[in-house]
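> Please find the sequence and the predicted model below.
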Amino acid sequence: MNTPEFQRQTDQPLFPQVIYNRPVTRMAGGRMLIVGGHSGEFSLPTATHQFAVAAGIGEATAVLPDNLAKLLGGAPGVAFAASSTSGSLGREALGRILELSEETDAVAIGASLSNNSNTAMLTERLAQEVKRPLIVFDDALTSLRQNIALVTDNPQALVILTMAEVFKLCGALGIPINIRPHAGLINKLEIIRDLASASACAYAVYGTEIIIASGGQLTVTPINYRLSLTPALFYGTLSTFWIQNRTNPVAGLTTGAYLIAQAGADLGDTQRPSAANLAQALLQVLKSADSL
């Protein structure tokens, strides 16, 4: 088996021009719709919104089930769509979400979406009918498991996932997995390379490092493993840089990975990072990068 070729990013960005050429106006920063949440859990979509804003998105809107309107009505960056009887977004939310998607540059689906059949049908219809670039992660990967090719065959899609989710995705697509004991990072790259070769979408895999796979290219950015306790950091930041760099997704995603790594550079081995502190650290990293 051929050893995968990849670029490693450490304390200097592989693509500094992405940082130097970041949008300076809100309009140029892009617009993102975040679809997810249910009556019992909505912190993940709202945290994803928080990190997207910290990363420099021009406008982000979290679409939540309307049974949360009494609690969150009037909050900035929040919209509501029809909920199911179980408290998640229901099939009836499709029209509203498609309407909102017409005014965005990308639609992110999956944050605490839940896995009931009603929401699974909504997720599949969205993957079929949304006319904007699609970002898929978290519960959407489970909801779409019977028809995941709607995403993996879409060249205008980004999938953000963990290595455990990579294994499940390979199984759903019928891609053989060769696990070699003690092969470490190289074995991960082999598996991700094979998955990416069988797909048209881009991938961002996070854990002890962030691996970007798109267009036959692989990049690796080591990070503090405790950052993976805050998935919204990856969902919001990587989505933002993918939206803003659609002509060069590898450069955009790899730069997003660099900023995540820098935001967690001072995180110890025992600290559990809070979303608020990480968002502030991300803002500081971007501010420091702008002054270079």
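In hand now; what should we look at? Numbering: from 1, shown residues only.
> what about the nearest residue to residue 66 once chain neighbours are set aside, how many neighbours?
In space, and not counting its chain neighbours, residue 66 is closest to residue 80: 4.1 Å by CB to CB, 6 or more residues apart in numbering. (Each C-beta comes from the backbone N, C-alpha and C, glycine too.) Using other CB atoms under 10 Å, residue 80 is surrounded by 19 other residues.
> need the contact list for residue 80.
Taking CB atoms under 8 Å, 6 or more residues apart in numbering, we find residue 80 in contact with 63, 64, 65, 66, 68, 69, 73.
> how about it, secondary structure?
Under the three-state scheme (DSSP: H, G, I helix; E, B strand; the rest coil), residue 80 adopts strand.
> Could you do residue 288 as well?
Per three-state DSSP, residue 288 ends up helix.
> And it, how far from residue 236?
Counting by CB to CB, to the nearest Å, the gap from residue 288 to residue 236 is 19 Å.
> ok, now residue 121?
As for residue 121, its distance to residue 236 is 26 Å (criterion: CB to CB).
> These two: which is more packed in?
Counted by other CB under 10 Å, residue 121 and residue 236 do not tie: residue 236 has more neighbours, with 32 against 15.
> Please, which helix or strand holds that one?
Element membership of residue 236 [criterion: DSSP states H and E] is helix 231-244.
> residues contacting the most centrally placed residue in the chain?
Residue closest to the average C-alpha location in the chain (CA atoms, centre = their mean): residue 235, at 3.2 Å. Shown in contact with residue 235 (CB under 8 Å, 6+ apart): 44, 48, 51, 108, 111, 135, 137, 138, 160.
> could you give me the average pLDDT of the helix or strand where the second one lies?
Okay, so that is residue 48. Per DSSP H and E, residue 48 falls inside helix 43-55. Taken as a whole, helix 43-55 carries a mean pLDDT of 96.
> for stretch 196-203, same thing?
The model assigns stretch 196-203 a mean pLDDT of 98.
> And for stretch 26-35?
The average pLDDT within stretch 26-35 is 95.
> shift numbering so it begins at 17
Okay, using 17 as the starting number, the last item reads as stretch 42-51.
> Quick one: end-to-end distance for that stretch.
Terminal residues of stretch 42-51 lie 21 Å apart, using CA to CA, to the nearest Å.
> Check which helices and strands the one helix or strand in the chain whose mean pLDDT sits lowest sits against.
Counting by mean pLDDT, DSSP states H and E, the chain has its least confident helix or strand at helix 85-88, which shows a mean of 88. Packing partners of helix 85-88 (3 or more CB pairs under 8 Å, 6 or more residues apart in numbering; DSSP states H and E): none among the helices and strands.
> okay, that helix in CSV with CA atoms only?
Output in CSV follows, covering the C-alpha atoms of helix 85-88 (Å, rounded to 0.1, in the frame of the first residue of the first chain):
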residue,chain,number,x,y,z
ALA,A,85,-39.7,30.1,20.5
LYS,A,86,-41.0,31.0,24.0
LEU,A,87,-37.5,30.4,25.4
LEU,A,88,-35.4,31.9,22.7
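> Quick one: residues in contact with that helix.
Residues from elsewhere that reach helix 85-88, judged by CB under 8 Å, 6+ apart: 58, 80, 94, 96.
> Noted, bye for now.
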